[in-house]
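> Below: sequence and its predicted model.
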Amino acid sequence: MKEKKILVLDGNPKTRSLCRSITEAIVAVHRKAGNTVECLHLNEMNFDPNLTEGYDIKLPLEPDLEQFRQAVWDCNILIIVYPTWWGGMPAKLKGIFDRSFISGFAYKYHAKGPFWDKLLKGRRAFLITTMDAPSWWNWLYYRNCGLHQLRWPILWFCGFSPIRTKIIDRVRFRSPEELAIIIKKISHETLKF
């Protein structure tokens, strides 16, 4: 198996969160295993997440978006840890993809026809999301729409495969001891991916 080059993105815009704790645990176990790891924290990144002109005008990328794109390009495994808010990902996390996964970098439409080239092929993704709701509720009423948005029309569309997902639900009802066990388990689970 080729060397694991991992990008771990803490997709929570808060400075202190369960997502950050999970991210730090993942980084620690992969570094201990000898994997190459880069870690980015969304809350430390400065960029305008708003695609004000859609894709009609190509906005220059801020340095943090350039760094993110380079880290994505260099990795062969992308791990994103983020909270589910209002059934989806935080706006700033969506903005990182709106602004940086543009045509010519992440995908390229064919000149004729409805198809496209997936420019980020050869990479895998592991998505870990936290939520207060039970996962069955999120599936039954929302059809996992937030998770599906990141998995299929963003990452799969650009070439990531396989894409594994993990939901950590009922967060506000769990004790610190329970959460510590979950953090340890999920960080070791990413080693096997």
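Structure received. Predicted model, so just to flag it, every value in this text is computed and none were measured.
> show me where the protein has strands.
Here the chain has its strands, by DSSP state E, at 5-10, 36-41, 77-83, 107-109, 116-118, 124-130, 163-168.
> got the contact list for the fourth one?
Residues external to strand 107-109 that are found in contact with it (Cβ atoms under 8 Å, 6 or more residues apart in numbering): 101, 103, 115-120, 157-159. In short, each C-beta sits where N, CA and C put it, glycine included.
> Quick one: closest of the strands of the chain to Tyr55.
When those are compared by Cβ to Cβ, strand 107-109 sits nearest Tyr55, at 10.9 Å.
> For the protein, give me the ranges with low pLDDT.
By pLDDT under 70, the weakly predicted segments of the chain are 1.
> what's the spacing between the residue in the chain sticking out farthest from the centre and Glu53?
Seen from the C-alpha centroid of the chain, the residue lying at the greatest distance (Cα atoms, centre = their mean) is Lys112, 31.0 Å away. As for Lys112, its distance to Glu53 is 26 Å (criterion: Cβ to Cβ, to the nearest Å).
> Tyr109 too?
Taking Cβ to Cβ as the measure, Tyr109 falls 18 Å from Glu53.
> which of those two has more neighbours?
Using other Cβ atoms under 10 Å, the more surrounded residue of Tyr109 and Glu53 is Tyr109, with 12 against 9.
> beta partners of that one?
For Tyr109, the beta-bridge partners are Trp116 (DSSP bridges).
> now for the strands of the chain, which one comes closest to Leu140?
Comparing the strands of the chain by their distance to Leu140 (Cβ to Cβ), the top pick is strand 163-168, with 13.2 Å.
> Report the contact partners of the most centrally placed residue in the chain.
Nearest residue to the geometric centre of the chain (Cα atoms, centre = their mean): Ile80, 2.9 Å. Neighbouring residues of Ile80 by Cβ under 8 Å, 6+ apart: 8-9, 11, 93, 125-128, 150.
> For it, name its beta-bridge partners.
In beta-bridge terms (that is, DSSP bridges), Ile80 pairs with Leu9, Leu127.
> And it, how close does it get to Gly87?
17 Å.
> go on, Asp169?
13 Å.
> Give me the common contacts of the two.
Both Asp169 and Gly87 are in contact with Asn138, where contact means Cβ under 8 Å, 6+ apart.
> Hmm, Leu12 is touching Met45, no?
Check again: residue 12 is Asn, not Leu. No. Asn12 is not in contact with Met45 according to Cβ atoms under 8 Å; the separation is 11.7 Å.
> neighbour-wise, which of the two wins?
Taking other Cβ under 10 Å, Asn12 and Met45 do not tie; Asn12 has more neighbours (25 against 20).
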